[in-house]
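# Coordinates only, no sequence provided:
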């Protein structure tokens, strides 16, 4: 094996290592979001404390992956497809870190709500449904990233629109709830805060799926319509 072939194989290993760590980070934040919603519904203080404490793991992964990407750019000087992948990895881990932040916000809010057990709380069915939509978006986006497969991107964008609609419905529902019983205003506002965090998680999941289109096609589809994305995917 000559030196250039050795360097090429080492470079491939470095890229795959980075991609694997992105997926590890994705698995971690997906778990954080799922557990945060479950803890909210069940008022599980032990799980809530674990979610808040584990946020540092997400942050550490972001820092480590970012450093690896900087190392690859500085020493390997990637071009074309490889450069696109490295650039989009950096963007992806930023969105994943922000999803982790939103999961932590949900956990903190769940802890506050658990301290108000004597007050009436709105039902959480709508929150759970909205959260399941965003978790499905996140899983689809991570799978697209893992396989460099853009076939599900338009579906993720459609689901993001559905999540936005659910958020508006929850706002209206909570407004009605507060008007019927002013004593619930404080708790209802906290739940609205949770709904907004879930809506933001959906936005970040959509971003990740759109980055995959850029990796594969070299086309930036951010701010494009679903129809435009579908046409791009089918080219």
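The structure has been received and is ready for your questions. This is a predicted model, so every value here is computed, not measured.
# Tell me where the chain has helices.
In chain order, the chain shows helices spanning 3-42, 45-76, 80-114, 125-147, 153-180, 185-217, 226-234, with DSSP state H as the criterion.
# weakest of these in terms of mean pLDDT?
Here those differ in mean pLDDT, and the lowest is helix 226-234 at a mean of 82.
# Which residues are in contact with residue 38?
For residue 38, the contacting residues are 44, 47, taking Cβ atoms under 8 Å, 6 or more residues apart in numbering as the criterion. Where you see a C-beta, it was placed from the backbone N, CA and C, and this is true even at glycine.
# For it, give its distance to residue 50.
Between residue 38 and residue 50 the distance is 12 Å, computed by Cβ to Cβ, to the nearest Å.
# Which residues does stretch 221-235 contact?
With Cβ under 8 Å, 6+ apart as the contact definition, stretch 221-235 has outside contacts at 150-151, 153-154, 157-158, 161, 207, 210, 213-214, 217, 219.
# Swap in 7 Å and give it another go.
150-151, 153-154, 157-158, 210, 213, 217, 219 (Cβ atoms under 7 Å, 6 or more residues apart in numbering).
# Could you identify which of those residues has the most neighbours?
Highest neighbour count within these: residue 153, with 26 neighbours (other Cβ atoms under 10 Å).
# so that residue touches residue 207, yeah?
No: using Cβ atoms under 7 Å as the test, residue 153 is too far from residue 207 to be in contact (11.1 Å).
# Just name the closest of the contacts of stretch 221-235 to residue 191, please.
Closest approach between those and residue 191, by Cβ to Cβ: residue 158, at 25.6 Å.
# So for that closest one, what's the nearest residue that isn't a sequence neighbour?
With Cβ to Cβ, 6 or more residues apart in numbering as the criterion, residue 158 has its nearest non-adjacent residue at 5.7 Å, and that residue is residue 226.
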